[in-house]
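Peer 1: Generate coordinates for the sequence data below:
(2 chains)
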Amino acid sequence: MMEKSDELVVEAVGLTKVFRDFWHRPKVKALTDLDLTVREGEVFGLLGPNGSGKSTTIKLILGLLHPTRGRLRVLQHSPRDVKTKRKIGYLPEESYLYPYLTGQETLEFYGKLFDLNGRERKQRIDQLLEMIGLKHARNRVVGEFSKGMARRIGLAQALINDPELVILDEPTSGLDPLGTRQVKNLIVDLKKAKKTVILSSHLLSDVEDVCDRVAILYGGRLRITGSVHELLEEQNRYRVTLPELSPDTLKSVLGMLREALQDEPDVDHPRVSLEKLFLEVVEKAQTTGDDSGVTHAENVAEFLGRTQEEKSGVRLETLVVKEPAAGSEPSTEIEEQTEPEKPSDVLDEESRKAADGKLKDLLPGPSDD
Amino acid sequence: MRLRANQYIALAGLTALETIRQPICLILTASCIVFIGILPVVLTHSLGESARLVSHSALAFHFVGGLILGGYAACASLTHEIRRGTAAAVLSKPVERTTFFLSKFAGIAMVVVLFSVALTLASLLSVRTVYDPYTLDLYSQVALLASVALAFAAAGLLNYTLRRPFCSNAFVLTLAFLLVAFISVNFLDAQGKPAPFGSRLDWDLLPANTLVGMGILVLAGISVGLATRLDMVATLTICSIVFLLGLMSDYLFGRAADDNLIAFILYYALPNWQNFWVIDALAEEKSVSATYLLTVGQYGLLYLAGVLCLGLLAFKKVEVRA
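Peer 2: A predicted model of the protein is given here:
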């Protein structure tokens, strides 16, 4: 588990938002007494059905709406502070692009809003277009893009300023499974680069795959918040995955479990997820040279993958504290970071390992006979 | 300060580009030029009054076309942006609302000025066509109409070969070809022989068109201010009402302004378009003095500044919900 800084990126206390009609009469209470904190470097998921207050919360964080009551601080400042917005990247939920601009012009425009100089802007645009797989469509007007392509260019504009806080409203909406996987990988890479990500999505599996903590809203109220791991783990149940067993071995294992548990255990064959199967089929098809219109780059844009330390000249390395051998001092060494961890099944693996350890204690060891 | 200036330029440029890439901008500009171009033919049998009728009609096209263009562009760049979320995307960046609002107006003003320049050139060429009563100067008319046709053909070719956006290219090329046509034709007389530049032009139309252009800018400012809160139908309706009331301001409110407080307020609050409409004076063979031009220019600028301040106040409080 990644160690989190105590520095709060977003802090909301008693946040309430009431929308009023033309005559200034209260019309809709979109948020009621929301208390929320997002810590630096974490991926935070905002969940809830339509009209639960997710988008309102995001727009309050961005200073686009004004709270009716309560206190809200973003990066230790008021959300309406323009300087704070230099450190924020935002991907809105719906169509938010100028339809008559090309993909390249769109990114040029947003780059200019951050006063990026021409050379840096060009570098970043090239890297981002490569990352989102739209390099070949850079001169097509955005109005002609499919929803998925528009989403990708929207994602690129949200990242052009190399933000500290990235707010993604339904980032995978309209994307194919490959694009969805790419966005999830990107979120993990952003987290590795010490960026804070606030993610709002209806796709619960996406949130589960990448988020450290989640908040569930309903009717404008916060219903539950906590770490995904803690909220989803069933502490009083275990899952055991076994290799292929002969019928006799399986029978004896089940008999042993039945005897120990005094109950019938559930047994079935594990299934791969449809996402995994789909990705395997597409990857196989790609080896034949066919393309679906959007190229899928695997690497995050170079300027995004760098942490603050790297930007100041230090390479991406991980400090590993080695377990001390008996009677010796703990040692530290620097090793190069390996492949970025990918989102799928990360939490499952962690919980499985924990459960495995506990199960070993419970089940009888292999027979010495 | 530098950041704000760069943002201002980027946003104003984007607004202008987005506006000229919309088909309605091209259709409106091209159709106004073509209508002005064929006016001499339509008004041929007017007992020697062709020049006066053509200049009146051309200025009317200029004013009404500008009203529609300014109103539409304001709605497209503010109301639509607030509704469809582009404003939210931009305002989530380090962009002050003041910068956003004023740059939107600047972008629209750029397009309105280009539209005004195009229609001024078209008016001058069209009036030159009927410079001699009962005969048409075909060099002038053909050059005017051909510039539009050539611009469309060239933009079509660019779109086909290089996939360049048709509407914006056709708009810019129309203006460029019109300028080339204007300069080249005015070195010729009606028989196509070399002549001193502009010897057959009614130069008094230039200040008249300039004043109409100022009037359109004021209308665009009102539209931008209204577009911060209202949708397109409401904005265009109110603009049309302001336009009509402003045209009749002297008659409706001016006479009663000394005795009636409401008439007084309305008379001074509404823009008086008669100040920008000097064609009646030209019809009486009077020319527009530089002093008058400057005075009306000041009036227009002050009115515009007031309208933009009100619009800015309205926009500062707007919640961007989309």
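
Peer 1: Those residues of the stretch 51-200 of chain B touching chain A, which are they?
Peer 2: B:84-86, B:88-96, B:163, B:165, B:168 (C-beta under 8 Å from any C-beta of the partner chain). Every residue, glycine included, has its C-beta placed from N, CA and C.

Peer 1: Farthest pair within those?
Peer 2: Using C-beta to C-beta, those span at most 35.9 Å, a distance reached by B:96 and B:163.

Peer 1: okay, the two: which has more neighbours?
Peer 2: Just comparing residue B:96 and residue B:163: by other C-beta atoms under 10 Å in any protein chain shown the higher neighbour count belongs to residue B:96, 16 against 12.

Peer 1: How about the contacts made by the more buried one?
Peer 2: By C-beta atoms under 8 Å, 6 or more residues apart in numbering or on different chains, the contact list for residue B:96 reads A:82, B:4.

Peer 1: got the residue ranges for the strands in chain A?
Peer 2: Under the criterion DSSP state E, strands of chain A are mapped to A:8-20, A:26-39, A:43-47, A:69-74, A:88-91, A:165-169, A:196-200, A:213-218, A:221-227, A:317-322, A:331-336.

Peer 1: how about the ones you listed in JSON lines, adding mean neighbour count and distance to residue B:39?
Peer 2: As requested, the strands of chain A are exported to JSON lines (neighbours: other C-beta atoms under 10 Å in any protein chain shown; distance: least, C-beta to C-beta, whole Å):
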{"stretch": "strand A:8-20", "mean neighbour count": "18", "distance to residue B:39": "52"}
{"stretch": "strand A:26-39", "mean neighbour count": "18", "distance to residue B:39": "52"}
{"stretch": "strand A:43-47", "mean neighbour count": "25", "distance to residue B:39": "61"}
{"stretch": "strand A:69-74", "mean neighbour count": "18", "distance to residue B:39": "59"}
{"stretch": "strand A:88-91", "mean neighbour count": "26", "distance to residue B:39": "51"}
{"stretch": "strand A:165-169", "mean neighbour count": "26", "distance to residue B:39": "53"}
{"stretch": "strand A:196-200", "mean neighbour count": "25", "distance to residue B:39": "58"}
{"stretch": "strand A:213-218", "mean neighbour count": "20", "distance to residue B:39": "63"}
{"stretch": "strand A:221-227", "mean neighbour count": "15", "distance to residue B:39": "66"}
{"stretch": "strand A:317-322", "mean neighbour count": "10", "distance to residue B:39": "76"}
{"stretch": "strand A:331-336", "mean neighbour count": "9", "distance to residue B:39": "77"}
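
Peer 1: Go through the ones you listed and find the least confident stretch.
Peer 2: Comparing mean pLDDT across the strands of chain A, the weakest is strand A:317-322, with a mean of 36.

Peer 1: Residues of chain A that sit close to chain B?
Peer 2: Counting by C-beta under 8 Å from any C-beta, chain A comes close to chain B at A:19, A:59, A:62-66, A:82-83, A:85-86, A:88, A:90, A:92-98, A:100-101, A:105, A:109-110, A:112-115, A:139, A:141, A:154, A:157, A:161, A:167.

Peer 1: Other residues contacting the helix or strand bottoming out on mean pLDDT in chain B?
Peer 2: Every helix and strand of chain B was ranked by mean pLDDT, DSSP states H and E. The lowest is helix B:279-283, at a mean of 77. Counting by C-beta under 8 Å, 6+ apart, helix B:279-283 makes contact with B:52, B:55-56, B:59, B:204-205, B:208, B:288, all of which sit outside it.
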